[in-house]
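Visitor: what would the 3D arrangement of this be:
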Amino acid sequence: MYDWAVSSMQTVITTAVFPIYFIQVAGADRTPEAATQSLGYANTVAAIVIALLAPILGAVADVKAAKKRFLFAFMLIGVVATAGMFFIDHGELLFASALFVLSIAGATGSMTFYEALLPHIATDEEIDRVSTAAYAIGYIGGGLLLAINLAWISNPGLLGLPSGDGITADQATLPVRLAFVSVGVWWLLFSIPVLRTVPEPPRTVESDERSTANPFTVAFSRLGETLREMRHYKQAFLAMLAFTIYNDGIQTIIKMATAFGTEIGIARPALIKAILLVQFVGIPFAFAFGTLAGKLGAKRSIFLGLVVYTGICMYAYGIHTEREFYILAVLVGLVQGGTQALSRSLFASMVPKHKSGEFFGFYSVFEKFGGILGPLVFAIAIGQTGSSRGAILWVIAFFVIGGAILAKVNVQEGERAARDADVNLRVV
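Guide: Numbers count the residues shown, from 1 in each chain. So this is what the prediction gives:
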């Protein structure tokens with residue numbers, strides 16, 4: 001249910017509604033290019049904040065048995081920032097940027113601790129199905145709220161809001177600003193199940209650690225130890241590195257799809273419909289990837305997703321019509337959630353449970369870097385080729401290189417190393 005909760009922010013704020021509001025309203029006194037650049041900077045700042053904090057706080061959460069408390073704290077930051085977007089007025093670019101950074105940091109930070117719970121609540125046999133089911137439920141939640149928001153944004157009369165000619169600027173933006181508030185309420189409300197019902201994993205210490213030691217001292221010690229001993233978790237590291245690279249390609253497709261569609265002449269209503277199509281196509285196929293992983297294994301199922309993504313890039317190169325763009329959206333929906341969900345569960349199966357917060361802190365860092373390089377390469381490729389069509393073919397390299405590294409991952413060896421690391425522990 002936390003996937004359901006936080007996906008509302010990812011669809012409405014990150015992808016569909018807020019970027020348009022940011023450029024057209026908050027950046028009203030700037031050129032569209034300058035406003036878009038500011039949005040890019042805000043994304044980068046949020047990534048840096050999480051990159052600095054996630055591994056440290058993840059280790060502290062392990063030592064203090066505080067994963068849920070950190071989850072709640074970051075969730076609350078994100079909820080307040082998202083709801084606060086209601087107060088963004090014309091030209092308030094700095095205020096909008098600050099709230100966007102806090103909302104992204106809240107979502108990403110909370111997901112670090114949420115995902116760290118995965119190896120504690122799911123057995124080895126069910127971890128892939130649990131992760132993919134969560135992604136599917138997230139698609140439902142995010143897609144449903146986005147559809148509701150778009151309904152009242154396009155027809156304010158549904159809520160009895162002012163519409164038509166002669167309304168003030170504040171009245172014109174009210175439906176969108178209420179959508180931001182609805183995300184905060186949705187996010188908070190549907191966070192209750194994980195906070196109330198999922199047990200906090202017990203605090204554990206290794207044989208050479210004192211249970212009374214300062215948690216922050218132990219956390220920094222564990223971080224240093226993990227960095228030194230990463231060779232013992234070679235398979236988990238390789239899986240994380242592979243994910244970083246092929247996720248670069250996935251994130252490039254997610255982030256640049258709207259710009260690509262606009263460039264080739266796809267109308268904005270069709271772009272929004274395509275985003276919704278990805279959400280709802282992704283629901284059954286995220287579940288399907290969980291079933292597929294039970295038969296083929298997570299690693300082979302991810303390979304299948306990467307092959308499809310390669311085909312998506314080739315298909316995108318030649319599209320011209322809305323119908324073809326909708327087909328592209330369907331193809332993305334087939335593999336997007338399943339590939340990312342199985343990457344999460346594959347990594348979770350190869351990390352020591354008593355260091356899951358710490359490892360998923362590193363995972364968040366790598367995931368964020370995986371969202372920076374791809375769009376940068378895409379932009380450079382546009383400069384070299386003159387259009388997004390040529391650039392989309394460059395994205396294939398991320399899937400090929402990431403897949404090649406994934407091929408070197410020995411899953412059984414990684415799972416064995418994680419189990420061995422958990423043997424010499426004491427619950428305190």
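Visitor: gap between residue 37 and residue 385?
Guide: In this view, residue 37 and residue 385 are 21 Å apart by C-beta to C-beta, to the nearest Å. Bear in mind the C-beta positions are built from the backbone N, C-alpha and C, glycine included.
Visitor: ok, now residue 408?
Guide: Here residue 408 is placed at a distance of 31 Å from residue 385 (C-beta to C-beta).
Visitor: equivalent analysis for residue 331, please.
Guide: 22 Å.
Visitor: list the buried residues of the helix or strand encompassing residue 242.
Guide: Using DSSP states H and E, residue 242 falls within helix 234-263. Buried residues in helix 234-263, counted by 16 or more other C-beta atoms under 10 Å: 234-258, 260-261.
Visitor: kindly report the same for stretch 161-170.
Guide: Result for stretch 161-170 [16+ other C-beta under 10 Å]: buried residues 161, 163.
Visitor: hey, C-alpha coordinates of it in PDB?
Guide: Output of stretch 161-170 as PDB, limited to C-alpha atoms (Å, rounded to 0.1, in the frame of the first residue of the first chain):
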ATOM      1  CA  LEU A 161     -15.000  25.500  -9.000                       C
ATOM      2  CA  PRO A 162     -15.000  28.700 -11.100                       C
ATOM      3  CA  SER A 163     -14.500  28.200 -14.800                       C
ATOM      4  CA  GLY A 164     -15.000  29.900 -18.100                       C
ATOM      5  CA  ASP A 165     -14.200  33.500 -19.200                       C
ATOM      6  CA  GLY A 166     -13.800  36.300 -16.600                       C
ATOM      7  CA  ILE A 167     -12.200  34.300 -13.800                       C
ATOM      8  CA  THR A 168      -9.100  35.600 -12.000                       C
ATOM      9  CA  ALA A 169      -5.700  34.100 -12.400                       C
ATOM     10  CA  ASP A 170      -5.900  32.400  -8.900                       C
END
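Visitor: now what about it, what contacts it?
Guide: 89, 90, 152, 155, 156, 157, 171, 174, 175, 178 (C-beta atoms under 8 Å, 6 or more residues apart in numbering).
Visitor: which residues sit in contact with the closest residue to residue 414 other than its chain neighbours?
Guide: Using C-beta to C-beta, 6 or more residues apart in numbering and skipping residues adjacent in sequence, the residue nearest residue 414 is residue 235, 2.9 Å away. Listed by C-beta under 8 Å, 6+ apart, the contact partners of residue 235 are 350, 409, 410, 411, 413, 414, 417.
Visitor: so, low pLDDT: which residues of the stretch 151-300 of the chain?
Guide: The stretch 151-300 of the chain contains residues with pLDDT under 70 at 204-231, 255-256, 258-259, 262.
Visitor: can you pull out the strands in it?
Guide: 204-206 (DSSP state E, counting those that start in this stretch).
Visitor: how close does the residue nearest to residue 414 get to residue 350?
Guide: For residue 235 relative to residue 350 (C-beta to C-beta), the value is 5 Å.
Visitor: now list whatever residues contact both of those two.
Guide: Joint contacts of residue 235 and residue 350 (C-beta under 8 Å, 6+ apart) are 411, 414, 417.
Visitor: format those residues as TSV; extra columns: secondary structure, distance to residue 403 and neighbour count.
Guide: Below are these laid out as TSV (DSSP: H, G, I helix; E, B strand; the rest coil; distance: C-beta to C-beta, whole Å; neighbours: other C-beta atoms under 10 Å):
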residue	secondary structure	distance to residue 403	neighbour count
411	helix	15	16
414	helix	17	22
417	helix	23	18
